[in-house]
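Undergrad: Have a look; sequence and predicted model below, questions after that.
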Amino acid sequence: MTNPKKIKAYLVAGGKYHDIDFARLEILKILGEDERIRTRVSENYRDMEAIDDSDLLITYTCDVMPSLEEQEFLREYVSSGKRWYALHGTNSILRFLSDGRVESPRWAPHFMETLGSQFISHPPIEPYTVEVADPKNPLVEGVEPFEATDELYLMDLHGKHEVLLDTEFGGTTENFVDSEWEKRRWPVFYIHPVGKGAVLYLTLGHCRGHYDMEPLMEYYPEVERCSWDLPVFYDLLRRGIDWAINNK
C-alpha cells in the first residue's frame, strides 16, 4: 500500500481591523481535516523560500502589502502552475484620512493584477443576496443563492475572471473616498488565471473582535462574524482548499 503524499500549505494570516486570530484558527481547523496537509503560518510574504516550497498558498489578510520583490515572486509562483486561494481583505490597501474617510490607494498594481482585483469600497455591513454565476463549476455546483451579512466588496478588476458567485450593487458608500457606484453585478467568488496557475478569490469572510480596531479605538463594541456564521461559507472554504490541492 502506497502512503499518501504530504501536501505542503502556506497560510498568510495577518493585518489590521479584523479578528485575524479567529480567521487563522478556523482556516487551520479546515486544513487539519486532511491528514496529508502540513501547514506553515506567517503574517506576511517575506519567507519567499518557504512559500516557493509549498504546494498551495492561502491568505487571509487586511492591508498587508508585499514588497515589490515579493509581488514579483508571487506572480511567478502562481504563473509557474501553483494555486493561490485568497480570502476577504487580501486585495486591500487602506488609509484612514484626517476627515474620517477611508482611501484605497492604488499603490501596488503588480500585486492586484496577480490577484485579479483590488478592494476599493464597501457599503455598510448588511444582508445581501449572493447568487451562483456558474452553476456547472464544481466549486459552486449545488450551491443555492444565499443571504450574506458581510462586507460587499466593490473593486477594481484586472484581467480575466471566471465568476462563480456574484451579487448586485449600485449606490453610495459613505465614508469612502470612492463613494459613488453605478449598479452592476460584482464578483464575490472567482477564478483568475495567471500563466499556468490561478488565483481563487472569495471576498466574503469579514470578522472583527473587540480589540481589532486599534489604534483607531481601544474597544470595538460588537463582535462581528458575518459569513463565518454560515455553513455555506465553510463549504466554500473546503471546496476552495480542495481545488488548490488537487491541481491537475
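TA: Alright, I've got the coordinates.

Undergrad: hey, where'd the strands end up in the protein?
TA: Using DSSP state E, the strands of the chain run over residues 7-15, 37-42, 56-62, 83-87, 95-96, 102-103, 117-121, 126-132, 146-150, 154-157, 162-172, 180-194, 197-202.

Undergrad: Make CSV out of those strands and add mean pLDDT, distance to Asn247 and mean neighbour count.
TA: For every residue, glycine as well, the C-beta is placed using N, CA and C. Shown next, in CSV, are these (pLDDT from 0 to 100; distance: least, CB to CB, whole Å; neighbours: other CB atoms under 10 Å):
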stretch, mean pLDDT, distance to Asn247, mean neighbour count
strand 7-15, 98, 10, 22
strand 37-42, 98, 13, 15
strand 56-62, 98, 7, 25
strand 83-87, 98, 5, 24
strand 95-96, 96, 36, 13
strand 102-103, 98, 36, 16
strand 117-121, 98, 21, 23
strand 126-132, 98, 23, 15
strand 146-150, 98, 27, 19
strand 154-157, 98, 24, 18
strand 162-172, 98, 16, 17
strand 180-194, 98, 12, 18
strand 197-202, 98, 8, 24
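
Undergrad: Just put the ones you listed in a markdown table and tack on distance to Glu26.
TA: As requested, the strands of the chain are exported to a markdown table (distance: least, CB to CB, whole Å):
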| stretch | distance to Glu26 |
| --- | --- |
| strand 7-15 | 10 |
| strand 37-42 | 13 |
| strand 56-62 | 9 |
| strand 83-87 | 11 |
| strand 95-96 | 27 |
| strand 102-103 | 26 |
| strand 117-121 | 21 |
| strand 126-132 | 19 |
| strand 146-150 | 15 |
| strand 154-157 | 24 |
| strand 162-172 | 20 |
| strand 180-194 | 18 |
| strand 197-202 | 13 |
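
Undergrad: For Trp228, which of the ones you listed is the nearest?
TA: strand 146-150 (9.1 Å; CB to CB).

Undergrad: Need the pLDDT of Asn3.
TA: You'll see Asn3 listed with a pLDDT of 83.

Undergrad: Just want the most central residue of this protein.
TA: Nearest residue to the geometric centre of the chain (CA atoms, centre = their mean): Leu87, 1.7 Å.

Undergrad: That one bridge partners, please.
TA: Per DSSP bridges, the residues bridged to Leu87 are Tyr60, Leu202.

Undergrad: which ones are touching it?
TA: 23, 27, 58-60, 201-202, 205, 237 (CB atoms under 8 Å, 6 or more residues apart in numbering).

Undergrad: excluding its backbone neighbours, what's nearest Phe73?
TA: Distances taken as CB to CB, 6 or more residues apart in numbering put Met48 closest to Phe73, at 4.8 Å, once the chain neighbours are dropped.

Undergrad: right, and the one you found touches Glu72 too?
TA: No. Using CB atoms under 8 Å, Met48 and Glu72 do not qualify as a contacting pair, with a distance of 9.8 Å.

Undergrad: what inclination does the longest helix that the chain contains have with respect to strand 56-62?
TA: If you go by DSSP state H, the chain has its longest helix at helix 231-245. Note on geometry: by axes from the mean of the first three to the mean of the last three CA atoms, to 10 degrees, helix 231-245 and strand 56-62 are set 140 degrees apart in direction.

Undergrad: Buried ones in helix 231-245, by neighbour count?
TA: Residues of helix 231-245 classed as buried: 232-233, 236-237, 239-241, 243-245 (neighbour count, 16 or more other CB atoms under 10 Å).

Undergrad: From the contact counts, what lies against it?
TA: With contacts taken as 3 or more CB pairs under 8 Å, 6 or more residues apart in numbering; DSSP states H and E, helix 231-245 sits against helix 20-31, strand 56-62, strand 83-87, strand 197-202.
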